[in-house]
Structures are given as structure tokens and as C-alpha cells.
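Novice: Just the structure for this:
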Amino acid sequence: MIVFPNAKINLGLNITEKRPDGYHNLETVFYPVHIEDALEIVPLKDSDKEFELHVSGTPVAGNPEENLVVKAYRLLKERFNLPPVSIYLHKHIPSGAGMGGGSADGAFMLKLLNDKFSLGLSEEELEVIASQLGADCPFFIRNKPTFASGTGNIFYPINISLKGLYILIIKPEIFVSTREAFSLITPAFPEKRITEVIQQPVEEWKDSLVNDFEKSVFAQHPEIGEAKNKLYEAGAIYASMSGSGSSLFGIFNAPVDKPEVIFPDYFIWQGQL
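Specialist: Have a look, this model is predicted:
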């Protein structure tokens with residue numbers, strides 16, 4: 001049984017206040033995009049192993065025990081008598097890009113196990129379990145445009161569609177430290193909330209739908225800011241960094257011709273929204 005975990009982008013991201021626990025409250029809109037990983041599970045027969053993890057595609061750093069697909073399997077194994085499984089994960093969503101690739105893998109693993117072994121968990125129950133994997137993991141259970149607040153863990157459905165438009169996602173070979181990005185931000189509530197701005201035509205987003213991380217990240221990594229400018233030069237009607245970077249995206253009325261010429265040595269993905 002195989003599924004295809006997809007990525008998300010952030011439409012706007014405002015860091016509104018620092019919490020007493022040291023974390024930050026924020027507001028953003030998560031929007032699913034069709035760049036996908038592939039995830040398959042196969043029962044592992046005649047083995048004393050709990051699981052086997054096979055990862056291909058884009059390299060993934062870290063201990064396999066810490067991979068969110070493994071953590072998702074173990075969360076459900078605590079509640080159900082799951083058999084040992086071989087897990088095959090093919091990575092295409094770039095890691096450390098602010099696109100939720102790891103979170104999507106973990107959430108889709110929960111849904112996959114629920115379907116494969118007929119566990120009978122509802123979407124609401126899956127969301128509660130997914131929250132134990134990470135703040136944005138529950139988003140990928142329903143996988144629909146969502147307004148997120150709190151630390152990115154409080155969700156409300158939002159009525160927005162970008163159907164018919166095109167997206168170009170790019171990622172330079174630059175690592176952005178999320179912790180450092182947060183440390184350089186002065187939290188503040190924006191004049192217009194994202195929920196208000198997002199209802200305007202996309203052509204009006206440029207100066208009002210803001211990712212607060214861009215100011216500090218662009219100062220530390222000017223190449224990322226230059227790449228955003230190039231997206232506009234290529235005809236984007238809106239461009240932004242996703243999350244804390246380093247990926248950026250541009251929304252276009254038509255596909256971009258030869259983006260690999262504009263962004264040599266970048267990860268590039270283009271598709272319809």
C-alpha cells in the first residue's frame with residue numbers, strides 16, 4: 001500500500017508575540033502543494049525486527065529511529081497490535097526547506113497504517129495523535145487550506161483557492177537556522193491580519209501578505225532575498241519565502257519557461273495549484 005505525502009507552503013507568516021515558555025505565537029495560512037514524497041509499507045514476515053526503514057531519493061540526515069514515519073508507527077503500535085513492517089520512503093520534498101516534508105511523512109504514515117490495518121481511527125483522532133509528532137503534523141491529516149495560530153498548532157479552515165494558477169518552488173543550497181531566525185525577530189501584531197489579506201486578489205498580496213522571517217533571513221543570506229526578486233522579474237504575481245526558509249515560491253499565471261536557467265544549481269519544482 002503506497003501513499004504520496006505532499007508539501008505545504010506558508011501564505012504569510014506573522015510572529016505575533018513571545019510566550020512565557022520561550023516559544024512564539026504566530027499566524028499563517030498553510031496551503032498544500034503537489035510536490036510529493038512516496039511512502040509504502042509492507043508486512044515484514046519471519047523477522048524479529050520491529051521495523052525496517054528504507055530511504056531513497058533526497059538524502060535525509062539523522063538517526064532512523066528519529067524519523068517521523070518511525071515515530072508515527074510506534075505511536076499507533078502502542079495502541080494497536082501492529083505487525084512488524086518494512087517502510088519504504090522516497091524523498092523528493094527537500095529537507096529543511098520550510099515546506100513540512102517530514103511532518104507530511106509522519107501524518108501520512110498515520111493515515112496509511114489506519115487504512116492498511118483497518119484501525120477505524122477518525123480524522124479527529126488522527127489529528128490528536130499527529131500533534132504528538134509535531135505542531136504542523138495535524139494539518140496534513142485533512143490536507144486542506146488552513147489558518148494556523150498559537151505555535152502553529154491551532155487550526156481553523158479557511159476558504160481560499162489558487163486553482164488555475166501555477167507555482168514555482170526553488171531552494172538554494174543554504175541552511176537557515178530556525179532558532180536563529182526566531183532570535184532576530186521582534187514580535188508584533190500586523191496592521192492587517194492574514195485572514196483579511198488572504199481574501200484580497202493575489203495580485204494585491206505583494207505588499208501586504210508578509211513573512212516576518214524574510215527581513216532577518218535576507219539580512220543573513222542576501223542570496224535568498226535576491227532569488228525572491230528574480231521570481232518577480234520572472235513574472236510572479238506573488239513571491240515569498242516559505243516558513244523560515246530557505247525555500248521560496250512564486251505564484252504565476254502561466255508556467256515559467258526554463259526556470260533552471262534563471263536559478264542554476266537550485267532545487268526547482270513547478271506545477272499547477
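
Novice: So for stretch 53-68, what gets flagged as buried?
Specialist: Within stretch 53-68, the residues scored as buried using 16 or more other Cβ atoms under 10 Å are Leu53, Val55, Val60, Asn67, Leu68. Backbone N, C-alpha and C define where each C-beta goes, glycine included.

Novice: do stretch 22-40 as well
Specialist: Residues of stretch 22-40 classed as buried by neighbour count (16+ other Cβ under 10 Å): 24-33, 35-40.

Novice: which secondary structure elements does the helix ranked longest in the chain contact?
Specialist: Longest helix in the chain by number of residues, with DSSP state H as the criterion: helix 101-116. When contacts are defined as 3 or more Cβ pairs under 8 Å, 6 or more residues apart in numbering; DSSP states H and E, helix 101-116 packs onto strand 2-3, strand 6-18, strand 38-43, helix 68-77, strand 85-91, helix 123-130, helix 139-142.

Novice: most packed of those?
Specialist: Ranked by average neighbour count under the criterion mean count of other Cβ atoms under 10 Å, the helices and strands packed on helix 101-116 are headed by helix 139-142 at a mean of 24.

Novice: Can I get it in PDB? Just the C-alpha atoms.
Specialist: Taking Å, rounded to 0.1, in the frame of the first residue of the first chain, the C-alpha atoms of helix 139-142 are listed here in PDB:
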ATOM      1  CA  PHE A 139      -2.600  19.900   9.100                       C
ATOM      2  CA  PHE A 140      -1.700  17.000   6.800                       C
ATOM      3  CA  ILE A 141      -4.500  14.800   8.100                       C
ATOM      4  CA  ARG A 142      -7.200  16.800   6.400                       C
END
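
Novice: Please state the offset of that helix from the chain centre?
Specialist: Distance of helix 139-142 from the chain centroid (Cα atoms, centre = their mean, to the nearest Å) equals 11 Å.

Novice: Can you tell me what sits against it?
Specialist: For helix 139-142, contacts defined as Cβ atoms under 8 Å, 6 or more residues apart in numbering pick out 5-6, 8, 30, 32, 100, 103-104, 106-108, 110-111, 123, 126-127, 130, 146, 148, 155.

Novice: Phe249 against Leu165, yeah?
Specialist: No - counting by Cβ atoms under 8 Å, Phe249 stays clear of Leu165, with 11.2 Å between them.

Novice: who's more crowded, the two?
Specialist: Phe249 (28 against 15; other Cβ atoms under 10 Å).

Novice: What segments of the stretch 151-273 of the chain are strands?
Specialist: Under the criterion DSSP state E, counting those that start in this stretch, the stretch 151-273 of the chain contains strands at 154-157, 166-171, 238-241, 248-252, 267-272.

Novice: can you tell me which of the buried residues of stretch 22-40 are in strands?
Specialist: By the criterion of DSSP state E, membership of those in strands covers 24-33, 35-36, 38-40.

Novice: Return the member of the residues you listed nearest to Met1.
Specialist: Ranked by distance to Met1 (Cβ to Cβ), those are led by Glu40 at 6.7 Å.

Novice: got a pLDDT number for the closest one?
Specialist: Per-residue confidence (pLDDT) for Glu40: 98.
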